[in-house]
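Undergrad: Sequence and computational prediction follow.
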Amino acid sequence: MIAKQAFKPGVVFKIISLSVLIVFSLHVFVLPSVFALTVEEQAGKRTRDSIVSNEDEFIRKTPARRGSSAGAEEKDPRLACLLSLIIPGGGHIYLKKDLKGAAFFFLSVAGYSAAGYYLYKGIAGDTDGAEKKSKIVISGLFFLLGIIFHVVGIVEAYNDAIEINEKNYYYGGYSRFPHIARLELEE
C-alpha cells in the first residue's frame, strides 16, 4: 500500500498567513504610492497633465534673475571654513560680516587665553595639590568653551557662505529683504 502523506495543518497555516501578510503589505505600502494624489489634485486645482505642461512663473523668471546677478560675487563655503579654522572669525571677515567675525574671534580668544592663564597658574604657581588640580580643571573648562565658540564660528561661516550664494542665485544679489524677490517687468 502507498502511504498517504499526512495533512500538516501547520504548513498550510504558515502559507496562508504569509500570503495575507504579502497582500496586506502591498495594499498598505505599495498601492498608495502608485496611485498617490497631491493635495492640489485632490482639491481639483491641478491635474497631472497641467503640472507637467504649465511652467511656474518663478521657473520662467529665474534665468533672468540669474543673468542679472552676474556682478554678485560667489563666496566659497570651504574657504570660509578654512579661514575660520585658521583664525577664529576669519571666514566671517571673508564674507564681509565683520561684527560677527570679531565676536567669534574675541569669544574664542578669551576662552583660550583664560585656559592658558589658569593652566600656567596651576602648573607654575606656588599652590598645594587641591588648588593646583582645581586650576587645571578650570583651565580645561575654559579651553572647552573656547573650542565650542571656535567650532560654532566655523559652522556659521560655512552656513553663511551658502546663504549668501543662495540669495545671489535666487534674488539677484544682495537685498535688504531677501525673502522678497525682485520683480522684473518685461516689455
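TA: Structure received. Residues are numbered from 1 along each chain as shown.
Undergrad: Can you pull out the low-pLDDT segments for this protein?
TA: For the chain, the stretches flagged by pLDDT under 70 are 1-9, 29-72, 171-187.
Undergrad: mind listing the helices for this protein?
TA: 9-25, 31-34, 39-43, 48-53, 57-68, 77-86, 90-94, 98-124, 129-171 (DSSP state H).
Undergrad: Name the stretch among those helices that sits most buried.
TA: Mean neighbours per residue, mean count of other CB atoms under 10 Å, is largest over the helices of the chain for helix 90-94, with a mean of 23. For the C-beta atoms, the positions are set from N, CA and C on the backbone; glycine is no exception.
Undergrad: Contacts made by that one with the rest, please.
TA: Helix 90-94 is contacted from outside by 75, 79-84, 98, 100-101, 104-105, 153-154, 156-158, 160-161, using CB atoms under 8 Å, 6 or more residues apart in numbering.
Undergrad: measure Gly101 to Tyr170 for me?
TA: 25 Å (CB to CB, to the nearest Å).
Undergrad: my bad, Pro88
TA: Distance from Pro88 to Tyr170, by CB to CB: 30 Å.
Undergrad: The closest residue to Ala80 other than its chain neighbours and Ile138, how far apart?
TA: Leaving out its chain neighbours, the residue that sits closest to Ala80 by CB to CB, 6 or more residues apart in numbering is Gly91, at 3.6 Å. To Ile138, Gly91 is 29 Å away according to CB to CB.
Undergrad: again, but for Val152
TA: On the measure of CB to CB, Val152 and Ile138 end up 21 Å apart.
Undergrad: Equivalent analysis for Gly90, please.
TA: Distance from Gly90 to Ile138, by CB to CB: 28 Å.
Undergrad: Repeat that for Phe24.
TA: With CB to CB as the criterion, Phe24 and Ile138 are 62 Å apart.
Undergrad: Kindly report the same for Gly116.
TA: Gly116 is 12 Å from Ile138, by CB to CB.
Undergrad: For Ala115, which residues are in contact?
TA: Ser139, Gly140, Leu141, Phe142, Phe143, Leu145, Gly146.
Undergrad: Quick check: of those residues, which lies closest to Glu131?
TA: Closest approach to Glu131 among the contacts of Ala115 (CB to CB): Ser139, at 12.6 Å.
Undergrad: what domains does the record give for this structure?
TA: 1-54, 77-171 (automatic domain parsing).
Undergrad: what comes into contact with stretch 95-114?
TA: With CB under 8 Å, 6+ apart, stretch 95-114 has contacts from 75, 80, 84, 87-93, 139, 142-150, 152-153, 156-157, 160-161, 164.
Undergrad: let's see it at 7 Å
TA: Counting by CB atoms under 7 Å, 6 or more residues apart in numbering, stretch 95-114 makes contact with 75, 80, 88-90, 92-93, 142-143, 145-146, 149-150, 153, 157, 160-161, 164, all of which sit outside it.
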